[in-house]
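Chemist: Fold the stuff below for me.
(2 chains)
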Amino acid sequence: RKEVEQDPGPFNVPEGATVAFNCTYSNSASQSFFWYRQDCRKEPKLLMSVYSSGNEDGRFTAQLNRASQYISLLIRDSKLSDSATYLCVGWRYGGSQGNLIFGKGTKLSVKP
Amino acid sequence: DTGVSQNPRHKITKRGQNVTFRCDPISEHNRLYWYRQTLGQGPEFLTYFQNEAQLEKSRLLSDRFSAERPKGSFSTLEIQRTEQGDSAMYLCASSPSGRGLATEAFFGQGTRLTVV
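Modeler: Modelled structure (predicted):
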C-alpha cells in the first residue's frame, strides 16, 4: 500500500461548482500534511498546510481526520484558474528528520 | 530570482551516457530534496540532504545514481549509464530546517531528461 493515496480523478466540473478531493495515508506517513498544486509542466507549489484539525483559506478548506487517516480538500465556487493537479503530501517523520511523500495527484478541470 | 534554480532545464542524451544536473536551493535553506516525476504520477522521493549530509536515499536511487551537496549549498545529481527508463522530470526542492517539524518545501522548475 502506498503511503499517501489519492482519488485518481480527473474531476471535470463547471465554474462555480464545489469539489472535494480525498487523500488517505498509512501510519508511517505522517504527522503533518500539505496540499500542493501543480500546473501542467510546472513545478509543485504549496496550496495549503494542514497541521491539526484543518484550516480554511478563502475558497479552500482542508480537513484532517486522524482517526480515519484521511485528508480532504474542498474548493468552493470553482474558477477556471483552479484547473490543475492537486497533490496530497505527507511529512514522513523519522527521528529528527523527515521528508515529504507525495500522492499521485488528482487532476481538476473547471469548464466554463 | 531568489527561488530554487535548476540547470539545465532540458537534457537529451543517448542511452549509456552520463548526465549531471545541478540544483541551487534558496539561500540559507538547510534541507535539499531530489524527486523524480513521470507523466501522470506524483513526485517520487529520491534523496534528501540536511546541509552537506545525505540523510536518506530511496530504493529508487540505484547504484547508477549519485547525489552530492559538498558545501551544504548547491547539489548535483548524476546518473551514470543512462537508460530509457530514466527519462523523467527531476525536481529539486529546498526547505528551512524546522527542527523535526514539517516545513514547506519550495521546488525548482525541474530538469526534464529524455534518454534516446
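
Chemist: State the number of residues packed around residue 59.
Modeler: Going with chain A. Residue A:59: 13 surrounding residues under other C-beta atoms under 10 Å in any protein chain shown. Where you see a C-beta, it was placed from the backbone N, CA and C, and this is true even at glycine.

Chemist: Correction: the question concerned chain B.
Modeler: 5.

Chemist: what about the lowest-mean-pLDDT helix or strand in chain B and chain A, touching?
Modeler: Ranking every helix and strand in chain B by mean pLDDT, DSSP states H and E puts strand B:53-57 at the bottom, with a mean of 87. Yes - interface with chain A: strand B:53-57 contributes B:55, B:56 (C-beta under 8 Å from any C-beta of the partner chain).

Chemist: Spatially central residue in chain B, please.
Modeler: Residue closest to the mean C-alpha point of chain B, counted by C-alpha atoms, centre = their mean, is residue B:34 at 2.9 Å.

Chemist: so what does the helix or strand just after the least confident helix or strand of chain B touch, helix or strand wise?
Modeler: Counting by DSSP states H and E, the next helix or strand C-terminal to strand B:53-57 is strand B:65-68. Here strand B:65-68 touches strand B:44-50, strand B:75-79, going by 3 or more C-beta pairs under 8 Å, 6 or more residues apart in numbering or on different chains; DSSP states H and E.

Chemist: Export the ones you listed as TSV, with columns for mean neighbour count, mean pLDDT and distance to chain A.
Modeler: As requested, the helices and strands packed on strand B:65-68 are arranged in TSV below (neighbours: other C-beta atoms under 10 Å in any protein chain shown; pLDDT from 0 to 100; distance: least, C-beta to the nearest C-beta, whole Å):
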stretch	mean neighbour count	mean pLDDT	distance to chain A
strand B:44-50	20	91	5
strand B:75-79	20	97	14
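
Chemist: Between those, which one is closest to residue B:38.
Modeler: Residue B:38 lies closest, by C-beta to C-beta, to one member of the helices and strands packed on strand B:65-68: strand B:44-50, at 8.1 Å.

Chemist: Just grab the bridge partners of residue B:34 for me.
Modeler: On the basis of DSSP bridges, residue B:34 is bridged to residue B:47, residue B:92.

Chemist: which residues sit against the longest strand along chain A?
Modeler: The residue-count maximum for a strand in chain A (DSSP state E) belongs to strand A:84-94. Residues from elsewhere that reach strand A:84-94 (C-beta atoms under 8 Å, 6 or more residues apart in numbering or on different chains): A:3-4, A:6, A:21, A:23, A:25, A:28-40, A:44, A:47, A:71, A:73, A:98-103, A:105-108, B:42-43, B:56, B:100, B:102.

Chemist: swap in stretch B:44-52?
Modeler: A:97, A:99-102, B:30-37, B:54-58, B:60-61, B:65, B:67, B:69-72, B:75, B:77, B:90, B:97.

Chemist: Off-centre distance for that stretch?
Modeler: Mean-position distance between stretch B:44-52 and its chain equals 8 Å (C-alpha atoms, centre = their mean, to the nearest Å).
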